[in-house]
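Participant: sequence isn't available, so here's the structure alone:
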């Protein structure tokens, strides 16, 4: 019997929506360096995409001391691996920027995929200010 991990990804997306994570809950921005233009100046571009997700303050027991991985003010985000149309999400990566529902812009520090059998279902992302 084959297990349909894409259906599991769709279920994860729907669960986030049910708990308040409707798109565009999180808006990611990636700045990319491109090829040189004919004048010799470096070209760059920006890609922006919306994601279905929820953010939470890290709870008690999370390390918030200077020099630790998690700092005071960081957020934990759970992001669906699929967008509303069911297409795979462009995977956020360090140092993408993220506009969160609280109106603040954060930097992606780390991304952990939940990907059984190699199929992304959900991303857990650490966002820092």
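Facilitator: Yep, it's here. This is a predicted model, so every value here is computed, not measured.
Participant: check what pLDDT residue 64 gets.
Facilitator: Predicted confidence (pLDDT) for residue 64: 58.
Participant: ignore what I typed, I meant residue 41.
Facilitator: Confidence score, pLDDT, at residue 41: 61.
Participant: likewise the one 10 residues further on?
Facilitator: Per-residue confidence for residue 51 comes out at a pLDDT of 94.
Participant: who does it form a beta bridge with?
Facilitator: residue 26 (DSSP bridges).
Participant: contacting residues around it?
Facilitator: Contacts of residue 51 were listed using C-beta atoms under 8 Å, 6 or more residues apart in numbering, and they are 23-28, 79-80, 83, 89, 92. The way it works is simple: take the backbone N, C-alpha and C, and place the C-beta from them, glycine included.
Participant: which one of these is nearest residue 73?
Facilitator: For the contacts of residue 51, the minimum distance to residue 73 (C-beta to C-beta) is 16.7 Å, reached by residue 26.
Participant: so residue 99 sits against residue 105, correct?
Facilitator: Yes - checked against C-beta atoms under 8 Å, the pair residue 99 and residue 105 is within contact range at 5.4 Å.
Participant: more neighbours: those two, which one.
Facilitator: Taking neighbours as other C-beta atoms under 10 Å, residue 99 and residue 105 compare with residue 99 leading, 17 against 13.
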